[in-house]
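**Q** coords below, sequence missing:
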């Protein structure tokens with residue numbers, strides 16, 4: 001099941017924006033996992049009602065916790081999940097505040113131009129392929145790009 005989720009459903013973005021939360025990393029692990037166990041957080045946020053597949057969410061939390069425990073996150077509060085099994089015409093970007101158990105955003109997100117039309121069905125990690133990549137990511141900063149505010 002994990003392989004199917006990883007290869008067809010999920011792109012996970014974990015924000016690494018400069019902030020004051022670095023000292024809260026162990027606290028965020030505790031909050032994200034102990035206070036908001038994946039099944040509980042999924043239910044609390046009512047993610048099923050807005051279309052996020054529970055298997056995708058659980059896989060995202062698993063990856064988030066691994067990156068968090070390895071110290072790779074500078075902002076451990078924000079977790080963004082894109083469910084590529086949904087078409088680009090659906091609100092398939094979910095940004096979760098895992099420390100406080102809140103859904104911050106549920107909105108639209110594009111995929112790479114060579115990944116498919118409305119639904120992404122072709123992925124790659126090859127540079128210049130213009131395809132979306134699947135997996136777990138940490139990101140640097142936002143910028144004003146060709147299509148506006150970007151990450």
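**A** That came in fine, so what should we check first? Just so we're clear, the structure is a prediction, and the values are computed from it rather than from any experiment. Residues are numbered from 1 along each chain as shown.

**Q** Quick check: mean pLDDT of stretch 121-139?
**A** For stretch 121-139, the mean pLDDT works out to 90.

**Q** So for that stretch, what gets flagged as buried?
**A** 123, 131-132, 134, 136-137 (16 or more other C-beta atoms under 10 Å). Glycine gets a C-beta too; all of them are placed from N, C-alpha and C.

**Q** Sitting in strands, which of those do you find?
**A** 136-137 (DSSP state E).

**Q** Is it possible to get TSV of the buried residues of stretch 121-139 that adds distance to residue 45?
**A** Conversion of those to TSV gives the following (distance: C-beta to C-beta, whole Å):
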residue	distance to residue 45
123	26
131	30
132	24
134	23
136	20
137	21
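
**Q** Report the two of the buried residues of stretch 121-139 separated the most.
**A** Farthest pair in the buried residues of stretch 121-139 (C-beta to C-beta) is 131 and 136. Separation: 17.0 Å.

**Q** Now the residue nearest in space to the middle of the chain: which helix or strand?
**A** A centroid search over the chain (C-alpha atoms, centre = their mean) returns residue 81, at 2.4 Å, as the residue closest to the centre. For residue 81, the host element (DSSP states H and E) is strand 78-83.

**Q** If you count neighbours, what's buried in the longest helix along the chain?
**A** As assigned by DSSP state H, the longest helix anywhere in the chain is helix 54-69. By neighbour count, and taking 16+ other C-beta under 10 Å as the criterion, the buried residues in helix 54-69 are 55-61, 63-65, 67-68.
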